[in-house]
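[1] predicted model and sequence below, questions to follow.
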Amino acid sequence: MAGRVPDETVFAAVLEVIAEQGYERATTRAIADAAGINEATLFRRFTSKQNLLRLAVRGNFAGFALDLGAPGDDVAADLLTIVSYYARLYETRGGVVLTLMREAKFSPEVAAVLAEPEALLEKVDEVILHHQRRGALVVEPPRHTFFALVGPLMMRSLARRVDQRATQKPADPEAVVRRFLDGHRP
């Protein structure tokens, strides 16, 4: 008799299936098959596809601890912390991040799941606002600054999803911050 499939294996499977098929098209059967468990077991353990996604997002993205704490006086160091986090996230889970971002607008279930990661973005906004108030960054809506900062990382992830020949090396977080600061200091 096979042992119990660990939650982490199931979480990895749900994120991979959703990255490939999207939330609405991803069936619990496909997720169970990818995880190597019975579909009934999947429901018994996780109760619904939405709950499974919520737990997978929470469990997987918790491993990408973003320790923002209180922002300091070094804008480059604080931005490097943010960029390093998102570089790791997009390199390993970029497909599902992009898929969920796209589907959240149309799926209340996905939007509800993404409420938790939204709290992380609010912390990032606080860091950006801190440095804008200090005069270290151009004053603009903090989300605009965030997307300008991580945009190159997102585009690399997107390019790899749409172009199987894409061979870009992972982004160098220090270079991303340096280039960003060249255009975003007052």
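    Nice, thanks for sending it over.
[2] what ranges does this protein have for its helices?
    7-21, 28-35, 39-46, 49-62, 75-104, 108-113, 115-133, 142-162, 173-184 (DSSP state H).
[3] CSV please, covering those helices and showing mean pLDDT, mean neighbour count and distance to residue 68.
    All C-beta atoms are positioned from the backbone trio N, CA, C, and that covers glycine. Shown next, in CSV, are the helices of the chain (pLDDT from 0 to 100; neighbours: other CB atoms under 10 Å; distance: least, CB to CB, whole Å):
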stretch, mean pLDDT, mean neighbour count, distance to residue 68
helix 7-21, 92, 19, 24
helix 28-35, 95, 18, 32
helix 39-46, 93, 15, 30
helix 49-62, 85, 18, 15
helix 75-104, 87, 19, 7
helix 108-113, 90, 16, 22
helix 115-133, 88, 15, 5
helix 142-162, 85, 17, 12
helix 173-184, 90, 15, 15
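[4] could you dump those helices into JSON lines with distance to residue 69 added?
    JSON lines is the format used below for the helices of the chain (distance: least, CB to CB, whole Å):
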{"stretch": "helix 7-21", "distance to residue 69": "27"}
{"stretch": "helix 28-35", "distance to residue 69": "36"}
{"stretch": "helix 39-46", "distance to residue 69": "33"}
{"stretch": "helix 49-62", "distance to residue 69": "17"}
{"stretch": "helix 75-104", "distance to residue 69": "9"}
{"stretch": "helix 108-113", "distance to residue 69": "26"}
{"stretch": "helix 115-133", "distance to residue 69": "9"}
{"stretch": "helix 142-162", "distance to residue 69": "17"}
{"stretch": "helix 173-184", "distance to residue 69": "18"}
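[5] what residues are up against residue 183?
    Shown in contact with residue 183 (CB atoms under 8 Å, 6 or more residues apart in numbering): residue 148.
[6] how close does it sit to residue 111?
    From residue 183 across to residue 111, the span is 32 Å (CB to CB, to the nearest Å).
[7] what's the answer for residue 45, then?
    Counting by CB to CB - residue 45 and residue 111 are separated by 24 Å.
[8] and if you look at residue 52?
    With distances taken as CB to CB, residue 52 is found 16 Å from residue 111.
[9] ok, residue 141 next?
    Taken as CB to CB, the span from residue 141 to residue 111 is 21 Å.
[10] ditto for residue 181
    33 Å.
[11] pretty sure residue 42 is touching residue 32, no?
    Yes. At 4.5 Å, residue 42 counts as touching residue 32 under the criterion of CB atoms under 8 Å.
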